[in-house]
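In: Sequence first, then the predicted structure, then my questions.
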There are 2 protein chains.
Amino acid sequence: MSAASSRATLIEVAKLAGTSKTSVSRFFGPERERLTPSLQTRIANAATALGYQPNLMARGLKGGGSRLLGVLVADIRNPFSVAVVHGIEQAARTHGYSLIVCNTDNDPEQEQQHLRLLKSYQIEGLIINAAGQPEAQLQALKHSGVPLVLLDREVRQLDVDVIGLDNALAIDMALDHLVRQGYRSILYASEPPAYASTRQERLQRFNQQAERLGIKSQTLILSSSAPDFETLTAFVEHPGSSPGAVLCANGNVTLAMTRSFQQLDITLGQTGLMGIDELDWCELITPGITTLAQPTDDIGHAAVSCLLNQLNGSAQASPVRYRHAPRLQIRGSTTLVPNF
Amino acid sequence: MSAASSRATLIEVAKLAGTSKTSVSRFFGPERERLTPSLQTRIANAATALGYQPNLMARGLKGGGSRLLGVLVADIRNPFSVAVVHGIEQAARTHGYSLIVCNTDNDPEQEQQHLRLLKSYQIEGLIINAAGQPEAQLQALKHSGVPLVLLDREVRQLDVDVIGLDNALAIDMALDHLVRQGYRSILYASEPPAYASTRQERLQRFNQQAERLGIKSQTLILSSSAPDFETLTAFVEHPGSSPGAVLCANGNVTLAMTRSFQQLDITLGQTGLMGIDELDWCELITPGITTLAQPTDDIGHAAVSCLLNQLNGSAQASPVRYRHAPRLQIRGSTTLVPNF
DNA sequence: CTGAAAGCGCTTACAG
DNA sequence: CTGAAAGCGCTTACAG
């Protein structure tokens, strides 16, 4: 159909520059300096004249490396994930890498499929926010020399670098804030913890610390179908001896809970509401929703650094865990007596 | 550093199966049926035994096609873009394609750089939501036989398929709704229209239709720095003979305007507020913000279809324009007398 | 400093 | 139905 005036190749450039493939190849690689200045300019001219772009797939084939990083996200529509991918992209670009981004929609099957594909593309590293527990595949990748970094979620029995939030610290900060603000009974709302280590860590820390602090605590696991109004209603009406607050395990939960608050006509602040993950609209819901913002750019950058360290061989012997601290963003939803 | 027990190759599979490279290659390609059932199973066994995955970069090199689609977005943190990419990904996966996703952060320089890279990766098609006007590069790509689809934004002097919203229809629907609701003076808020054809189209249609309908109209171009409270305040205080409404050109603007409304303590509904693009939180801002939702999945799917049509050679002679209709989502922000 | 040659893992006419 | 051979565009020892 199309004219397909196919792109110029190394050979054509060499011919036009009156030199060999080898020299042209060197010109576009790390050995450019070995070439005479005059040869360099001859090649440069020929290349621009022909609009030559090295074929990275060919280069990848022959040891040069694909310069491709795989990124596998569980939910690309989650603002947190998008923000991290943005950070990853920034860092990757700085180092001359491009990204193959795949989304699994939290489906382990799609995850398997994507992992197969990524392997096929000879990626030089993989950053994965796992949907399931693809230990076998990842183990195989790792074993075949592909640097790996787990993002936010761990995978059982897989001993590789993990980058994410300091979940224990986050829960501690949340509880500390809520208690300071006068809330003494806390409902912790989360998506089902199975398969997502982050959810488990946060939930576990919550239970542990709530007990240690003598806080009246309760847990609500959100089903993906209908919201659980009963539990929430009961909690709001009988929070115990003192005011209650709802702590949301992540942005999705915060969204769901905010909806529920509105539908049940629960006053923000009077019943506290706080969430892990910062979202565009948290400041817009009167009187503002208090959050723990994750440093998403830092997380993305750290993930790329880990990968590069592994590529350089300058990696630690044992896997690293980067636990980033969240930033507390205080708003009206955790103030008992709204001032108006 | 790592053992790099490198992956199995075609040759090893052939050896183990006691056959030739050719047959193994056929097995993994579209010609599998030409092989004897017995040969097929022998190869299948050998392949799984070795955990063989075809090297797609090698395949890409030798005519087989890279099975890679490029996606270039102007702002990956915009929920609209993310939703469309999600749709693209779904459709691409169905057809066995993976995505190289690049983000330009609305920077024409990054766009140039990414385009060069994408070309290097031998993508089989490109979906681009342009940041600048990269006509030359795109022209070259098109000329070298790479199917192209413009997403949302057109590029001047570039005659290729365009997928996006029916901007004229959207504006018409918005104006119709606002007028019906009793607003007679409308402030149209937009980001700077330069370089983004969508913004221009919407703005132009707004001006045109406002005049035709005899609506008192005004325009506010948002600067990226500080919000323009003066214009908004003046508009709210002197909307003319009858109530005024603000129409936001896209999701970013809706966000900015909602902030401004709150900071200036403007009551939603009393002064209308409506936006193109549906966002998670539009239903959460009391009394809800009326929107025109874009069918993002459809748009993503359509983009992939166009690409595939071009690849098949079954494309129209002249470029196609798919203008998708928005869906009106009515909420309290465009009701003059809130009922409570 | 420069180049001829082998080879990366695959596909595809072309023969048989 | 199957396979030997050439070649995709590049890199990298190895010689000169």
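Out: Nice, I can see it.
In: Going by C-alpha atoms from here, please, whenever you check contacts or count neighbours.
Out: Fine.
In: neighbours around the residue nearest to A:Asp152 when sequence neighbours are not counted, how many?
Out: For A:Asp152, ignoring the flanking residues on the chain, the nearest one in space by CA to CA, 6 or more residues apart in numbering or on different chains is A:Gly164 at 4.4 Å. Per other CA atoms under 10 Å in any protein chain shown, the neighbour tally for A:Gly164 reads 25.
In: helix or strand for A:Gly164, which one?
Out: strand A:161-165 (DSSP states H and E).
In: next SSE after that strand?
Out: helix A:167-180.
In: by contact count, what packs against that following helix?
Out: helix A:197-213, strand A:272-276 (3 or more CA pairs under 8 Å, 6 or more residues apart in numbering or on different chains; DSSP states H and E).
In: mind putting those in CSV, mean neighbour count included?
Out: Shown next, in CSV, are the helices and strands packed on helix A:167-180 (neighbours: other CA atoms under 10 Å in any protein chain shown):
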stretch, mean neighbour count
helix A:197-213, 17
strand A:272-276, 28
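In: TSV please, covering the ones you listed and showing distance to A:Gly87.
Out: Shown next, in TSV, are those (distance: least, CA to CA, whole Å):
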stretch	distance to A:Gly87
helix A:197-213	20
strand A:272-276	19
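In: Nearest to A:Ile128 among those would be which one?
Out: A:Ile128 sits nearest to helix A:197-213 of all the helices and strands packed on helix A:167-180, at 13.3 Å, using CA to CA.
In: list the helices and strands the closest one packs on?
Out: When contacts are defined as 3+ CA pairs under 8 Å, 6+ apart, helix A:197-213 packs onto helix A:167-180, strand A:185-190, strand A:216-221.
In: Out of those, which one sits most buried?
Out: Across the helices and strands packed on helix A:197-213, averaging neighbours per residue (mean count of other CA atoms under 10 Å in any protein chain shown) puts strand A:185-190 on top, at a mean of 24.
In: Which residues does that one contact?
Out: Here strand A:185-190 makes contact (CA atoms under 8 Å, 6 or more residues apart in numbering or on different chains) with A:199, A:203, A:206, A:215-222, A:235, A:239-240, A:242-250, A:253.
In: hang on, A:Leu328 packs against A:Pro295?
Out: No. Counting by CA atoms under 8 Å, A:Leu328 stays clear of A:Pro295, with 11.0 Å between them.
In: so where's the stretch 51-200 of chain A uncertain?
Out: Residue ranges of the stretch 51-200 of chain A with pLDDT under 70: A:64.
In: Contact residues of it facing DNA strand D?
Out: Applying CA under 7 Å from any atom of the strand, one finds that the stretch 51-200 of chain A approaches DNA strand D through A:53-56, A:58-64.
In: Which positions within stretch A:310-320 qualify as buried?
Out: A:310-311, A:315 (16 or more other CA atoms under 10 Å in any protein chain shown).
In: likewise stretch A:251-266?
Out: Judged by neighbour count (16+ other CA under 10 Å), stretch A:251-266 contains these buried residues: A:251-255, A:257-261, A:266.
In: Please see if that stretch touches chain B.
Out: Yes. Judged by CA under 8 Å from any CA of the partner chain, stretch A:251-266 comes into contact with chain B through A:258-259, A:262.
In: now that stretch, how far from the centre of its chain.
Out: Remark: stretch A:251-266 is offset 24 Å from the chain centroid, using CA atoms, centre = their mean, to the nearest Å.
In: Other residues contacting that stretch?
Out: Contact with stretch A:251-266 is made by A:78, A:80, A:189-191, A:222, A:227, A:229, A:233, A:236, A:248, A:267-268, A:274-279, B:284, as judged by CA under 8 Å, 6+ apart.
In: make it 7 Å
Out: Here stretch A:251-266 makes contact (CA atoms under 7 Å, 6 or more residues apart in numbering or on different chains) with A:189-191, A:248, A:275-277, B:284.
In: How about stretch A:141-155?
Out: Here stretch A:141-155 has contacts from A:124-130, A:133, A:135, A:160-165, A:196-198, A:303, A:307, A:310-311, B:2-7, using CA under 7 Å, 6+ apart.
In: what does stretch A:276-283 give?
Out: Identification of contacts with stretch A:276-283 by CA under 7 Å, 6+ apart yields A:248-251, A:288-289, A:291-294, B:281.
In: Give the buried residues for that stretch.
Out: Neighbour-count burial for stretch A:276-283 [16+ other CA under 10 Å]: A:276-279, A:281-283.
In: How about the stretch 151-300 of chain A: which residue is closest to DNA strand C?
Out: Closest approach between the stretch 151-300 of chain A and DNA strand C, counting by CA to the nearest atom of the strand: A:Val160, at 25.2 Å.
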